[in-house]
Structure formats: C-alpha cells, structure tokens
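1. Just need the structure, nothing else, for what follows:
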Amino acid sequence: MIKKSKLSAAQIFTKMASFCAYQERCEQEVREKISSFELTRDEIDNVVQQLIDENFLNEERFAVAFVGGKFRTKHWGKAKIKYELQQRRIDKQIIKTALESIDAAAYQTALEGLLEKKKSQEPDITPQKLYLYLLSKGYESDLIQKVVREVA
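-> Okay, the predicted model is just below:
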C-alpha cells in the first residue's frame, strides 16, 4: 500500500486559497476541508488566519453572497437563511447585516410569487397548507398571514 505523503502547511494554504477563490467559503467549511490533511490544530489555525489575512476568507463577504444566492435562486425567506448561516457558525451581527441586504420590495414580491405559483399548481389548496408551505420556505409568520389573507 502506498502511503500518502504529508503536505506542508504552505502547500495546504495554496490548496485552500484556490478552494476559497473558486467560491465564497465560511471558516467552518475551510476548517472541515483542512481537517482531512494531517495538520496539528496550531497549523490549521495558522492556515486559516493566513487565508483571512490575505482576504481569501471573509465571513461577511460569504454571508452576503449566501443570502443573495439563496434568496434569488431558491427564494428562501430570511428565517431559513438565518438558520443556515447559524449552522455555519456565522456571527449574529454578520447575519443581521447580510439579511439587511435583501430589498424589502423584492422580498415581498418573492413571497407573493411563491404563493401564486403554489396556488396555480394546486388550485384547491387550503390557506393552512399555503401558510405551512411558505413557512417551510423560511418566510416570517406575520408576512405569510398577510399575503394569505389577501388571496383567500
């Protein structure tokens, strides 16, 4: 059996820099990826710090990109996005700032669009099921109640 040679911290930094340059990453993702290499905890911390210092890793930038992407492509609501960012151990203040980047009018339009799409797919859907569907997409209860009342 061929033994895998150990990469140096500098080589791992280069790999992680490419990993981060390809798309925005959070620190947790990078740490999980680095842990597959044979490095000590201090070496991992040093690589992560160097990625941060050289701006390959930026949690604020990651959070804004994540929020925008999930909102635009998957039409997730703020609650679901917030939960996913919390699972990635993003700081609460960074999450708050990133969520504020969602335009309120676009958010309302997306919510109404999801409701209309669901109603066209299932014309006989009950208001309760509409509510649960929109809740599962991560929208806030008070906004859902308002749009469901307007349509029902």
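2. State the distance from the residue sitting nearest the centre point of the chain to I102.
-> With distances taken as C-alpha atoms, centre = their mean, F66 lies nearest the centre of the chain, 4.0 Å away. Computed as C-beta to C-beta, to the nearest Å, the F66 to I102 distance reads 12 Å. Where you see a C-beta, it was placed from the backbone N, CA and C, and this is true even at glycine.
3. Likewise for G138?
-> Taking C-beta to C-beta, one finds G138 at 12 Å from I102.
4. which neighbours do the two share?
-> K78 (C-beta atoms under 8 Å, 6 or more residues apart in numbering).
5. Just give me the longest helix of the chain.
-> Longest helix of the chain, by residue count under DSSP state H: helix 104-121.
6. So this structure: which segments form each domain?
-> Following automatic domain parsing, the chain resolves into domains at 9-57, 58-102, 104-152.
7. okay if I get the ones you listed as CSV plus mean pLDDT?
-> Shown next, in CSV, are the domains of the chain (pLDDT from 0 to 100):
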stretch, mean pLDDT
domain 9-57, 92
domain 58-102, 96
domain 104-152, 93
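8. Could you point out the helix or strand that follows the longest helix of the chain?
-> Using DSSP states H and E, the helix or strand that follows helix 104-121 in sequence is helix 127-136.
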